[in-house]
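Participant: Please work out how this folds:
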Amino acid sequence: MNPQKLVFSALPLLLAALFIISVPARARVLARPLFASGAPQVVSYQGQVTVDGAAYNGAGFFKFAVVNAAGDTTYWANDGTAAGEPTTAVSLSVVNGLFNVLLGDTAVPHMTALPAAAFDGTERYLRVWFSSDGATFTLLSPDRRVTAVPYALQAEEAKTAATAGDADTLDGQHASAFQQRYANVVIVAKSGGDYATITAALNSITAADDANRYLVRIMPGVYTAQVTMKPYVDIEGSGELTTKITYTGSADMNTGTVIGANDAELRFLTVVNTGGSDYAAAIYNASASPRLTHVTATASDSLYNGGVYNDANAAPLMTHVTVSASGTGEQYNVGVFNEDNATPTLTDATISASGGRFAIAVYNNNASATLQHCTLQASGGTESYGIQSDAYTGSYTVRVDNSQVTGSTNAILSTANSAILIGATLLDGGTASTFGGTITCAGVYDEAYTFYASACP
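Facilitator: Here you go, the predicted model:
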């Protein structure tokens, strides 16, 4: 088996930033710097590898080097090799093609320190070798020129200078990225950052507004905390597999591990609520409409579990999110719960609910929602619905396009005054409407790929 070539692309950034490396077939590799006091320092490198066109799973063996443009001079190698391919590889666990490593972290076997001197020049390139068996290595090509990122290792003051945030979407043919500049950046890290906790970092910010935005940048690690976002302050992790915020359940349903805010974004991290009380919500948005981008949210082990709870006119934009809720017994498990005039927009979201009395991937209670290119699945509950909508007062509409919806009881359930409009979507489990609820289908198909031009299965 031979890994596919890495095709590199990069964004120009200011001082301390990141570079993006794209690989074929909806894959992504991100490399981000971790700032610490003194040298040597480390760079957090997260990526995805495909082998023969499929995401690789299992032990992976990697060799890393920083070289010149010609590739004939080595400035740093993971095992200290002076020139050419490193002799010894770093063994990393690869799950669904995803891996991460701290380059320069001497606690990692066969990893030497990454000195600032490795970037003492303008012509520096990252070179990577990969092997699935530890014996035969393939050079992933071409090498990519390193721009602003690790050069910040030579300027620790860069952590208080301007930086950039990013989000990228790759579909195998095209890549798009955006860049937002901030007046201030605050680093949260287990050691060596501005603050050791997310709450302390947020409390330090007292003057954020539309003309003076902040970024709280969270380095790799598990942070046990309840986090309340602030307007005009984005929170960015080091990757969904690398940065995790976790907290326990509550006796009150109006809270969560992360509590959202307007004019703010949460991105590139995982949020977990481990339950243990009546209610567990990973992310709670009440009258707040943050952007949620490349976020994983999970909730479990309470009587009522919700991955994302949007309440009281909340209208978050949820893009590339993975949400789940699970439990057993008499539990209610809802992936995304929209209530009380909430109007979220979900794009490229994967949402699941499993187990308990009710398992519902997306539940709308007196709320509207727009879903595009989403995958919803509900199973294992006494009743399991991909989408359920209730509207006992007023009138609410849920729109679903180009998605896949699966429910072991029904894919879609519409009750009371709720209207659900579905187009170009797989409905696995059929549809049902009661008490005046309506479902309109246009160009849908069922699990057997039977096509319905203007009816619902």
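Participant: mind showing which ranges of the stretch 151-300 of the chain have poor pLDDT?
Facilitator: 151-183 (pLDDT under 70).
Participant: remind me which residues of the stretch 301-450 of the chain are low pLDDT?
Facilitator: Ranges of the stretch 301-450 of the chain meeting pLDDT under 70: none found.
Participant: hmm, who's touching the host helix or strand of Thr298?
Facilitator: Using DSSP states H and E, Thr298 sits in strand 291-300. The contact list for strand 291-300 (C-beta atoms under 8 Å, 6 or more residues apart in numbering) reads 167, 240, 260, 264-275, 280-283, 305-308, 316-327, 333. Backbone N, C-alpha and C define where each C-beta goes, glycine included.
Participant: and what of stretch 324-331?
Facilitator: Against stretch 324-331 from outside (C-beta under 8 Å, 6+ apart): 275, 297-307, 333-335, 351-357, 359.
Participant: Then stretch 389-404?
Facilitator: 363-376, 387, 413-426, 428, 437.
Participant: what's the answer for stretch 306-314, then?
Facilitator: Against stretch 306-314 from outside (C-beta under 8 Å, 6+ apart): 253-254, 256, 260, 279-289, 292, 297-299, 316, 318, 321, 323-325, 334-344, 351, 367.
Participant: List the ones among the contacts of stretch 324-331 that fall in strands.
Facilitator: Residues of those located in strands (DSSP state E): 297-300, 304-307, 333-335, 351-354, 359.
Participant: who wins for neighbours among these?
Facilitator: Sorting the ones in strands among the contacts of stretch 324-331 by how many neighbours each has (other C-beta atoms under 10 Å) puts Ala353 first, at 36 neighbours.
Participant: who touches it in this structure?
Facilitator: So Ala353 contacts 324-326, 333-335, 359-361, 377-379, 381, 384 (C-beta under 8 Å, 6+ apart).
Participant: Redo those as a markdown table? Include distance to Thr87.
Facilitator: Shown next, in a markdown table, are these (distance: C-beta to C-beta, whole Å):
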| residue | distance to Thr87 |
| --- | --- |
| Ser324 | 42 |
| Ala325 | 48 |
| Ser326 | 45 |
| Asn333 | 50 |
| Val334 | 52 |
| Gly335 | 48 |
| Ala359 | 52 |
| Ile360 | 54 |
| Ala361 | 49 |
| Gln377 | 46 |
| Ala378 | 51 |
| Ser379 | 49 |
| Gly381 | 54 |
| Ser384 | 53 |
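Participant: Most neighbours among the residues you listed, which one is it?
Facilitator: In the contacts of Ala353, the most neighbours by other C-beta under 10 Å go to Ala325, 38 neighbours.
Participant: which residues does the nearest residue to Leu92 once chain neighbours are set aside form a beta bridge with?
Facilitator: Closest residue in space to Leu92, ignoring its immediate chain neighbours: Phe99 at 4.6 Å, by C-beta to C-beta, 6 or more residues apart in numbering. Counting by DSSP bridges, Phe99 is bridged to Gly47.
Participant: And for Phe99, the neighbour number?
Facilitator: Residues near Phe99, counting by other C-beta under 10 Å: 21.
Participant: pretty sure it contacts Ala55?
Facilitator: No - with contacts counted by C-beta atoms under 8 Å, Phe99 stays clear of Ala55, the gap being 10.8 Å.
Participant: Mind listing the shared neighbours of those two?
Facilitator: With C-beta under 8 Å, 6+ apart as the test, Phe99 and Ala55 both reach Gln48, Val49.
Participant: thinking again about what came up before, which of the contacts of stretch 389-404 fall within helices?
Facilitator: Using DSSP state H, no member of those sits in helices.
Participant: Buried ones among the residues you listed?
Facilitator: 363-371, 374-376, 387, 413-420, 422, 425-426, 428, 437 (16 or more other C-beta atoms under 10 Å).
Participant: can you tell me how far Ala54 sits from Ser132?
Facilitator: 12 Å (C-beta to C-beta, to the nearest Å).
Participant: of these two, who's got more company?
Facilitator: Just comparing Ala54 and Ser132: by other C-beta under 10 Å the higher neighbour count belongs to Ser132, 20 against 11.
Participant: looking at it, that one is touching Asn57, isn't it?
Facilitator: No - the criterion here is C-beta under 8 Å, and Ser132 misses it with Asn57 at 9.9 Å.
Participant: how's this protein carved up into domains?
Facilitator: 7-155, 176-452 (automatic domain parsing).
Participant: Go through those and pick out the most buried.
Facilitator: domain 176-452 (a mean of 21; mean count of other C-beta atoms under 10 Å).
Participant: ok now that domain, how far from the chain's centre?
Facilitator: Here the centre of domain 176-452 is set off from its chain's centre by 12 Å, with C-alpha atoms, centre = their mean, to the nearest Å.
Participant: contacting residues for the residue nearest to Asp234 when sequence neighbours are not counted?
Facilitator: Excluding the flanking residues, the one nearest Asp234 by C-beta to C-beta, 6+ apart is Glu265, at 4.4 Å. The neighbours of Glu265, taking C-beta under 8 Å, 6+ apart as the test, are Gly165, Asp234, Ile235, Glu236, Pro290, Arg291, Leu292, Thr293.
Participant: hey, C-alpha coordinates of stretch 97-108 in CSV?
Facilitator: What follows is stretch 97-108, C-alpha atoms only, in CSV (Å, rounded to 0.1, in the frame of the first residue of the first chain):
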residue,chain,number,x,y,z
GLY,A,97,-6.7,8.7,9.2
LEU,A,98,-6.2,11.2,11.9
PHE,A,99,-3.0,11.6,13.9
ASN,A,100,-1.3,14.3,16.0
VAL,A,101,2.2,14.9,17.4
LEU,A,102,4.2,17.6,19.1
LEU,A,103,7.2,18.1,16.9
GLY,A,104,10.2,18.8,19.1
ASP,A,105,8.6,17.2,22.2
THR,A,106,11.5,15.2,23.7
ALA,A,107,9.0,13.2,25.8
VAL,A,108,8.0,11.5,22.5
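Participant: what mean pLDDT does it have?
Facilitator: Average pLDDT, stretch 97-108: 82.
Participant: tell me the contacts of Ile351?
Facilitator: 307, 321-324, 335-336, 361-362, 374-377.
Participant: give me the element Leu202 is part of.
Facilitator: helix 198-203.
Participant: Mind giving me the packing neighbours of that helix?
Facilitator: strand 184-188, strand 214-218, strand 227-228 (3 or more C-beta pairs under 8 Å, 6 or more residues apart in numbering; DSSP states H and E).
Participant: what's the closest of these to Ala196?
Facilitator: strand 184-188 (7.2 Å; C-beta to C-beta).
Participant: And the pLDDT at Pro3?
Facilitator: For Pro3, pLDDT reads 41.
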